[in-house]
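**Q** pasting a predicted model and its sequence here:
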Amino acid sequence: SQTIHQWPATLVQPVGSPLSLECTVEGTSNPNLYWYRQAAGRGLQLLFYSVGIGQISSEVPQNLSASRPQDRQFILSSKKLLLSDSGFYLCAWSVESGVGQPQHFGDGTRLSIL
Amino acid sequence: SQQGEEDPQALSIQEGENATMNCSYKTSINNLQWYRQNSGRGLVHLILIRSNEREKHSGRLRVTLDTSKKSSSLLITASRAADTASYFCATDGGGFKTIFGAGTRLFVKA
């Protein structure tokens, strides 16, 4: 069966520090991968998605970036964090084909910027 | 932009009652999905209904879709305290994207 792992679960970082959040998927090949951010009590904001290795689409211009160095690995990064980067970050995957496929989520990373 | 908007924003019911949540969207869709999120966790996919379907069931869940009104509803029958969570509708946003609404927070009192 397929599983998705996201870490760390919580992270407290000072303003201006770098960031690296990692997400890996097991049990499937060539998945579509997604990074979302969720503000408290709100819906999900799509940040990045990827349909293949090295292919990244950015939805929101900001100081975050994403990379997909391997088929089932998706990394969210920042060189310098801002206070506004605080939030709950979720990684998700879906099968590669079709429109509007169900997405499967990790348990998220709670990021607090001080 | 195309987006599902849930109504109500919050709902509090007694255990055993039915819970109904509504979702409206703006443009044509291929399908609509409902997800559940427990506090502090990731979302879990509940059910997908295609644009040519009007109703779908899964256990205690019943989803309806009215494409003429651009709306959907999620009914949870005989609710349990364990159903306490946030529920989101999501529509296909073009290509491989899915657009999520802001969610309905359901609280089921034991």
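**A** That came through, no problem.

**Q** which helix or which strand is home to B:K56?
**A** strand B:55-58 (DSSP states H and E).

**Q** partners of that strand in the sheet?
**A** Using DSSP bridges, the strands paired with strand B:55-58 are strand B:61-66 (antiparallel).

**Q** from chain A, how far off is the closest residue to B:T20 other than its chain neighbours?
**A** Of all residues not flanking B:T20 in the chain, B:L75 sits nearest, at 5.1 Å (C-beta to C-beta, 6 or more residues apart in numbering or on different chains). Using the backbone N, CA and C atoms, a C-beta is placed for each residue, glycine as well. Using C-beta to the nearest C-beta, to the nearest Å, we find B:L75 at a distance of 20 Å from chain A.

**Q** what's the following helix or strand after the strand or helix carrying B:L75?
**A** Assigned by DSSP H and E, B:L75 belongs to strand B:71-76. Per DSSP H and E, the first helix or strand lying C-terminal to strand B:71-76 is strand B:85-92.

**Q** quickly check: that following strand near chain A or not.
**A** Yes. Under the criterion of C-beta under 8 Å from any C-beta of the partner chain, chain A is reached by strand B:85-92 at B:88, B:91-92.

**Q** B:V44 is in what secondary structure piece?
**A** Under the criterion of DSSP H and E, B:V44 resides in strand B:43-50.

**Q** which secondary structure elements does that strand contact?
**A** In terms of contacts (3 or more C-beta pairs under 8 Å, 6 or more residues apart in numbering or on different chains; DSSP states H and E), strand B:43-50 is packed against strand A:104-105, strand B:31-37, strand B:55-58, strand B:61-66, strand B:71-76.

**Q** just these: most buried one?
**A** strand B:31-37 (a mean of 24; mean count of other C-beta atoms under 10 Å in any protein chain shown).

**Q** what sits up against that one?
**A** Residues outside strand B:31-37 that contact it (C-beta atoms under 8 Å, 6 or more residues apart in numbering or on different chains): A:99-100, A:102, B:4, B:23, B:25, B:43-51, B:61, B:63, B:65, B:72, B:74, B:85-92, B:98, B:100, B:103.

**Q** one more time with 7 Å, if that's ok
**A** A:100, A:102, B:43-51, B:63, B:65, B:72, B:74, B:85-92 (C-beta atoms under 7 Å, 6 or more residues apart in numbering or on different chains).

**Q** what of stretch B:53-61?
**A** Defining contact as C-beta under 7 Å, 6+ apart, one finds that stretch B:53-61 is touched by B:46-47, B:49, B:62-65, B:74, B:76-78.

**Q** residues near A:P31, how many?
**A** 24 (other C-beta atoms under 10 Å in any protein chain shown).
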